[in-house]
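[1] just coords:
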């Protein structure tokens, strides 16, 4: 078996793990009952959703602009006061949106012909002559990732809750982004060959090209991330859609929510109670 | 942010449940145990781990929230127990990690393979005694963290699961089980038997007569009434709640509502919520059964927080369908509520909106009132504007609390969720601070709340942090402002002070006699769970 075949097998295996694992986890969640209404409510139309429209808008707000995180605060222990604090929101939003833009931009490696809107997105994102091959999003994501990493290291409360897997995810993403940027800026990898390779993978007729070793490192990290995703906290991506506190409607009093595993209970009836307190009740009801 | 790695909150442990109470409730491994000798069943680990599996297969929330937390830390400084103690295990994320680590160890591949590296933890006796038990009883299930979580992860769901897990091996607290056992045997949290219940209502009616010169009745067990009213039993027996009862009694009298309260179902406050699905359902069932027996058309629920988590979100599911009731229609205004379960503030706000109450807000001019939202009405039912609407119409000086500590962002009084017990008083005082300081900054001298636990828990917290403000209900101020035709005196009810200490005393509840007021108060606290500060409600000098 040549090195090239091993690479190809690995890529297919990692991708299969990702797809199967991802679907498995989602199906598993979907099959667990939601016995009760546990929607979290607040003031206003979105946080007190009484219609499907409101729920959809609320979820859209959570997913697109991290609505709940936007309301984040910090507690001032000196003054015992709660103050607005948007840094985590800014950092998280910057990271997720740039990652999304990068993924969308790179879809061009998997599509022929490339849709015009992806090309336009690229044109907007491109830095141009100052840093040819680089994009605003691919630089901003480094800043965002470093912020997310550094806050885990410097704040004692975050150091306390951070696990190895939290650092692992951030470092892996950093490695992917940095290797990608280096490929684009210094190595100037032949994108045509990359695209041929990717389309070949998609068509199950892969021909591994002669490219810079860093390209394969980059690719390796990406597929490690994909294979790791279903086993990790990164499942928050599909998970948020299932979150009952956000995706339920606040209508439990109006429309009965049914618990599939509900069961009848036995309690002391009024008759038994009245008998036990016969003397009491006689004395007062006369 | 400072965290205290000596884990100062580990020492706050609620007292263990008594066999006599857990027997009544029918929970497994009912026994008398102590914090020194837990008397755990021999295969407790196996049982607990199995229970965890059962829970994650019954509740999507549990499985999902165990899976998707990214530990971003947005929730960390949202919890009053963390702010009060700076114990890192009291950060909601860390609280969840206690159960999550056990879940990882037994039910995830990575946890089985890599153990501690991926944050998996064996369920040992130490984990049970120093993590699960203390920290899941330092969560008031207030869901403030859930509001800030970008995924809506609800620590209350995890806390409830952890408590159910402990209950499966007979580990539960004295306070919660004692109260639930009282509901099952007597009908209310305070353990007021029918005779005393009637007596206290009579006492209230006399007080109302004294204050207004009008015969205001509180109907009890009246068959065929239109509305069943269920309030926390504290309203019938403790000073900070008493005024609220007088308030709604006056209001219902003025509009002539055909309602009744019940002895059998004399408790709104749902302690089942702090315990298990099973007990929550049993307590809710009691109210539904009573509504059926009395033949009422619909129900009004009083100023109570946890009651409303259950009434609003769970009751229709657990004890429904409530098809023997009718959707409420206010007989005075004709407003259709679209549900048979109506909050007293919704009802009153509707009356005020339609101008059906005769109000003189100047009667509350001695007060600068503020409204401190309670967790469950705000974050579980979205009842936020109605109490404010009422207050703005019944008093002239109303001030809002700061936005970051009110409405859905309100802090917990720090005694909800089954924590209103004095062995963890220090914790309650510390954790009560964020809310207390926000109250201080309003400059108000009267804090209104619509939760019985808030009303009971807040006065000592305000006292501890040297804030001078009275505590009471929204309907207390509403009652003060009500004007009656032919009334004799200014309608401001007064709470009678207890007799001097030193003389003999008698407990109104059970008739026991004591040589001093002090002893009687001690007895009231121990036997009837009536806070020392409020013992004058049941201890009378003789």
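    Thanks, I have the structure now. Since we're looking at a predicted model, the values are computed, not measured.

[2] from here on, contacts and neighbour counts on C-alpha atoms
    OK.

[3] what sits against the nearest residue to residue B:70 once chain neighbours are set aside?
    Counting by Cα to Cα, 6 or more residues apart in numbering or on different chains, residue A:233 is the residue found nearest to residue B:70 once chain neighbours are left out, at 5.6 Å. By Cα atoms under 8 Å, 6 or more residues apart in numbering or on different chains, residue A:233 lies in contact with B:67, B:68, B:69, B:70.

[4] Torsion angles phi and psi at residue A:233?
    Main-chain torsions, residue A:233, degrees, to the nearest 10: phi -70, psi -10.

[5] ditto for residue B:227
    Dihedral angles (degrees, to the nearest 10) for residue B:227: phi -130, psi 140.

[6] That one against residue B:298, yeah?
    Yes: counting by Cα atoms under 8 Å, residue B:298 is a contact partner of residue B:227 at 5.2 Å.

[7] before we move on, which element is the spatially most central residue of chain A in?
    Residue closest to the mean C-alpha point of chain A, counted by Cα atoms, centre = their mean, is residue A:237 at 2.8 Å. Assigned by DSSP states H and E, residue A:237 belongs to helix A:236-239.

[8] Flag every buried residue along that helix.
    A:236, A:239 (16 or more other Cα atoms under 10 Å in any protein chain shown).

[9] Pull the residues that contact that helix.
    A:26, B:64, B:67, B:68, B:69, B:70, B:151.

[10] farthest-separated two in these?
    A:26 and B:70 (17.2 Å; Cα to Cα).

[11] distance of the residue of the stretch 251-400 of chain B found nearest chain A from residue A:193?
    Per Cα to the nearest Cα, residue B:379 is where the stretch 251-400 of chain B lies closest to chain A, at 4.5 Å. Look at residue B:379 and residue A:193: by Cα to Cα, to the nearest Å, they are 55 Å apart.

[12] ok, back up a step: can you put the contacts of helix A:236-239 in CSV and add distance to residue A:177, neighbour count and pLDDT?
    Output for the contacts of helix A:236-239, formatted as CSV (distance: Cα to Cα, whole Å; neighbours: other Cα atoms under 10 Å in any protein chain shown; pLDDT from 0 to 100):
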residue, distance to residue A:177, neighbour count, pLDDT
A:26, 27, 16, 97
B:64, 29, 25, 97
B:67, 26, 22, 95
B:68, 24, 20, 95
B:69, 24, 24, 96
B:70, 20, 19, 95
B:151, 25, 29, 96
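
[13] Can you flag which of those belong to strands?
    Among the contacts of helix A:236-239, no residue falls in strands (DSSP state E).

[14] Looking at these, spot the one nearest residue A:88.
    Closest approach between the contacts of helix A:236-239 and residue A:88, by Cα to Cα: residue B:70, at 13.1 Å.

[15] Enumerate every residue touching the closest one.
    Residue B:70 makes contacts with A:166, A:233, A:234, A:236, as judged by Cα under 8 Å, 6+ apart.

[16] And residue B:205, by the same measure?
    Residue B:205 sits in contact with B:215, B:216, B:217, B:218, where contact means Cα under 8 Å, 6+ apart.

[17] burial measure for the closest residue to residue A:259 other than its chain neighbours, as a count.
    Distance criterion Cα to Cα, 6+ apart; nearest residue to residue A:259, sequence neighbours excluded, is residue A:35 at 4.3 Å. Neighbours of residue A:35 under the rule other Cα atoms under 10 Å in any protein chain shown: 19.

[18] right, and residue A:35 touches residue B:57 too?
    No: applying Cα under 8 Å, one finds residue A:35 not in contact with residue B:57, separated by 10.8 Å.

[19] follow-up on the earlier one: okay, the contacts of residue B:205 in JSON lines with distance to residue B:268, secondary structure and pLDDT next?
    Shown next, in JSON lines, are the contacts of residue B:205 (distance: Cα to Cα, whole Å; DSSP: H, G, I helix; E, B strand; the rest coil; pLDDT from 0 to 100):
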{"residue": "B:215", "distance to residue B:268": "26", "secondary structure": "coil", "pLDDT": "93"}
{"residue": "B:216", "distance to residue B:268": "22", "secondary structure": "coil", "pLDDT": "94"}
{"residue": "B:217", "distance to residue B:268": "20", "secondary structure": "coil", "pLDDT": "94"}
{"residue": "B:218", "distance to residue B:268": "17", "secondary structure": "coil", "pLDDT": "95"}
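
[20] Looking at residue B:379 and residue A:193, which is more packed in?
    More neighbours surround residue B:379 than the other of residue B:379 and residue A:193, with 29 against 16 (other Cα under 10 Å).

[21] Tell me where the model's unsure across the stretch 201-350 of chain B.
    Within the stretch 201-350 of chain B, no stretch has pLDDT under 70.

[22] can you check the stretch 1-150 of chain A too?
    Counting by pLDDT under 70, the stretch 1-150 of chain A contains low-confidence ranges at A:1.

[23] Columns distance to residue A:174 on top of the contacts of residue B:70, output as CSV?
    Formatted as CSV, the contacts of residue B:70 follow (distance: Cα to Cα, whole Å):
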residue, distance to residue A:174
A:166, 13
A:233, 17
A:234, 15
A:236, 19
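
[24] will you turn those residues into JSON lines that also has pLDDT?
    Formatted as JSON lines, the contacts of residue B:70 follow (pLDDT from 0 to 100):
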{"residue": "A:166", "pLDDT": "94"}
{"residue": "A:233", "pLDDT": "94"}
{"residue": "A:234", "pLDDT": "95"}
{"residue": "A:236", "pLDDT": "95"}
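
[25] ok, now which ones touch residue B:177?
    Neighbour list for residue B:177: B:17, B:18, B:21, B:22, B:25, B:275 [criterion: Cα under 8 Å, 6+ apart].

[26] can you rerun that using 6 Å?
    Applying Cα atoms under 6 Å, 6 or more residues apart in numbering or on different chains to residue B:177 gives the contacts residue B:21.

[27] Can you name the helix or strand that it falls in?
    Assigned by DSSP H and E, residue B:177 belongs to helix B:174-185.

[28] distance between that helix and the chain's centre?
    On the basis of Cα atoms, centre = their mean, to the nearest Å, helix B:174-185 is displaced by 14 Å from the centre of the chain it belongs to.

[29] Residue 272 - how many residues pack around it?
    I went with chain A, as the question did not name one. Residue A:272: 11 neighbours (other Cα under 10 Å).

[30] wait, chain B
    Residue B:272 - counted by other Cα under 10 Å - has 25 other residues nearby.

[31] same deal with residue B:6?
    Other residues within reach of residue B:6, judged by other Cα under 10 Å, total 10.

[32] same thing with residue A:168?
    The tally of other residues near residue A:168 (other Cα under 10 Å) stands at 12.

[33] what's the closest non-adjacent residue to residue 18?
    The chain I'm using is chain A. For residue A:18, ignoring the flanking residues on the chain, the nearest one in space by Cα to Cα, 6+ apart is residue A:227 at 4.7 Å.

[34] Chain B, not that one
    Per Cα to Cα, 6+ apart, closest to residue B:18 is residue B:32, 5.2 Å.

[35] Which of the three states applies to that neighbour?
    Following DSSP: H, G, I helix; E, B strand; the rest coil, the label given to residue B:32 is coil.

[36] now swap in the one 10 residues further on and tell me
    Under the three-state scheme (three-state DSSP), the conformation of residue B:42 reads as coil.

[37] and the gap between the closest residue to residue B:295 other than its chain neighbours and chain A?
    Using Cα to Cα, 6+ apart and skipping the chain neighbours, the partner closest in space to residue B:295 is residue B:224 (5.1 Å). Using Cα to the nearest Cα, to the nearest Å, residue B:224 is found at 16 Å from chain A.

[38] I figured residue B:224 hits residue B:298, correct?
    No: contact criterion Cα atoms under 6 Å: residue B:224 and residue B:298 do not qualify, at 11.0 Å.
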